[in-house]
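1. Next come a sequence and a model predicted from it.
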Amino acid sequence: MKEFEVQIEKIESAIPKMLLINPTDIRTDKIKLLCMNNDSDSNININGEDEIYQNSKNMLHLYEQLLNTGKEVAM
């Protein structure tokens, strides 16, 4: 019975993480992956401090500048 309770605790901790990552796409395979991962907190970064987030933000800023430059030329 003790083993079952640990699994329930892992599932209960995985669901809120999934809600933070993408609340519209929660699937059992993703929850299983989080439960199997012993150190899941180190792999999930929702603070926006990782390299992918920064690169995406920079690219979005460049697109914004490009679109604004196009508006100025058209006017």
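-> Yes, it's here.
2. Sketch out the low-pLDDT regions of the chain for me.
-> 1-6, 38-48, 70-75 (pLDDT under 70).
3. what residues go with each domain of it?
-> Here the domain parsing of the chain from automatic domain parsing is 1-44, 47-75.
4. Most tightly packed of those?
-> Ranked by mean neighbour count under mean count of other C-beta atoms under 10 Å, those are led by domain 1-44, which reaches a mean of 11. From N, CA and C alone the C-beta is placed, and that goes for glycine too.
5. C-alpha coordinates for the strand or helix carrying residue 67, CSV please?
-> Per DSSP states H and E, residue 67 falls inside helix 51-74. Extracted in CSV, the C-alpha atoms of helix 51-74 (Å, rounded to 0.1, in the frame of the first residue of the first chain):
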residue,chain,number,x,y,z
GLU,A,51,18.4,29.9,-23.3
ILE,A,52,15.5,28.8,-25.5
TYR,A,53,13.2,31.4,-23.8
GLN,A,54,15.7,34.2,-24.3
ASN,A,55,16.3,33.3,-27.9
SER,A,56,12.6,33.2,-28.6
LYS,A,57,12.0,36.5,-26.9
ASN,A,58,14.8,38.1,-28.9
MET,A,59,13.5,36.7,-32.2
LEU,A,60,10.0,38.0,-31.4
HIS,A,61,11.5,41.4,-30.7
LEU,A,62,13.3,41.4,-34.1
TYR,A,63,10.0,40.5,-35.8
GLU,A,64,8.3,43.3,-34.0
GLN,A,65,11.0,45.7,-35.2
LEU,A,66,10.7,44.4,-38.8
LEU,A,67,6.9,44.8,-38.8
ASN,A,68,7.1,48.3,-37.3
THR,A,69,9.7,49.3,-39.9
GLY,A,70,7.3,48.1,-42.7
LYS,A,71,4.6,50.4,-41.3
GLU,A,72,6.8,53.4,-41.2
VAL,A,73,7.8,52.9,-44.9
ALA,A,74,4.2,52.4,-46.0
